[in-house]
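Chemist: predicted model, plus sequence, below.
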Amino acid sequence: MSATMPGLVNYALAPRSVELREVKVPTIGPKDILLKVEAVSICGSDLHQWLGGISWKVNYPCILGHEFGGTIVQAGPEVKRFKEGDRVVSETAAVIDEHSPYTRRGLYNLDPNRLGFGYGVDGAMTQYVKVSERCLHSIPRDLAFERAALTEPCSVAYNAVCVNGRVRPGDHVLVIGPGPIGLLCALMAKLSGAGNLIVSGLPADRQRLSVAREVGAHATLEGDVWPYIKDLGDGYGVDVVIDATGVSASLQAAMQAVRPGGQIIKVGWGPQPMGYSIDPLVQKAVTLQGSFSHNWPVWERVISMIASGQINLQPVINRIAPLKNWEECFTKMHHGEYVKAILKPHD
């Protein structure tokens, strides 16, 4: 193994401050794994860091990538559950406070001191990554790494819809934003029994909206959703709105679309000031539920669902490419031509 390797580094806050650099192969500690990265999926947050304007702290310079799986090539002497040659996927919570009350409750995803791969510590858009044994999950031998790499975004969607959400069979559900997380949330709502599943976006999202129909949406809308919503059922609105956009303005549309006593699940990040009143939440007695990341039991369930085919990822994986083609993949995901692109660092 060479002492250096190519890594996709985000080196500053300014837009387009991402480039391939030669980086050192990491040295592992006694409880760590050195993982050969077989596949790493591009996330919307990777695009945000590439384009600038993020609302979270990045420890620059940092190798991008937090949706990944691979083969163990080296295990520290205190590693108990894994060995060289094992096929695994990794959670994103690279560093946590093991004594935090949230960690002790199994909610380490909410630990304020948590650091994630790709922004807090070096991520997996490279050939080898150092991972704590705590983060790893075994995957079946017949599960392709290209699909396994999407365990993380599927876990985000599962946690939002199936853990923090209250979608029931027959519910009217609106998903605002047909990006990767929005589409996976739509899939989870469909699996939860949504009676009328609507996905909305902008005219520029036309291709992604066609994917929404593939994953089970009954209707797809461009622009204003209320003219459609007010003619749906009793006309009071949808039971659940899932806001999966990256802009703050979408919450206003969510408040209009949700019925009294309904729920809004906020899973998309929007750093912009809102500039409008949230009084409709009070007037309608609506539950506004944030959802962030995931934890161990969610991962175990999602891996099982992907392996069995219950989560069908074929409509959302549009490109598998070597690491050197990262910019094409980032650009086409940004423009909506790809829902998900997967990078193979050893190709």
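Modeler: Perfect, thanks for sending it.
Chemist: pretty sure Leu13 contacts Pro61?
Modeler: No: counting by CB atoms under 8 Å, Leu13 sits too far from Pro61 to count as a contact (11.3 Å). The way it works is simple: take the backbone N, C-alpha and C, and place the C-beta from them, glycine included.
Chemist: of the two, who's got more company?
Modeler: Pro61 (16 against 13; other CB atoms under 10 Å).
Chemist: pLDDT wise, what is that one at?
Modeler: Pro61 carries a pLDDT score of 98 in this model.
Chemist: give the closest residue to it in space, chain neighbours not counted.
Modeler: With sequence-adjacent residues excluded and distances taken as CB to CB, 6 or more residues apart in numbering, Pro61 is closest to Tyr11, at 4.1 Å.
Chemist: and that neighbour, how far from Glu327?
Modeler: As judged by CB to CB, to the nearest Å, Tyr11 and Glu327 stand 15 Å apart.
Chemist: again with Pro15
Modeler: Separation of Pro15 from Glu327 (CB to CB): 13 Å.
Chemist: which one of those two is surrounded by more residues?
Modeler: Ranked by neighbour count (other CB under 10 Å), Pro15 and Glu327 place Glu327 first, with 14 against 11.
Chemist: which stretch of helix or strand covers that one?
Modeler: helix 326-334 (DSSP states H and E).
Chemist: give me the contacts around that helix.
Modeler: The contact list for helix 326-334, computed with CB atoms under 8 Å, 6 or more residues apart in numbering, reads 8, 18, 20, 42, 44, 46-47, 50-51, 125, 319, 321, 338-341, 343.
Chemist: buried subset of those residues?
Modeler: For the contacts of helix 326-334, a neighbour count by 16 or more other CB atoms under 10 Å gives the buried set as 8, 18, 42, 44, 46-47, 50, 125, 319, 321, 338-341, 343.
Chemist: pretty sure Ile176 sits against Gly182.
Modeler: Yes: if you go by CB under 8 Å, Ile176 and Gly182 touch, sitting 7.2 Å apart.
Chemist: any shared contact partners between those two?
Modeler: 201, 242, 244-245.
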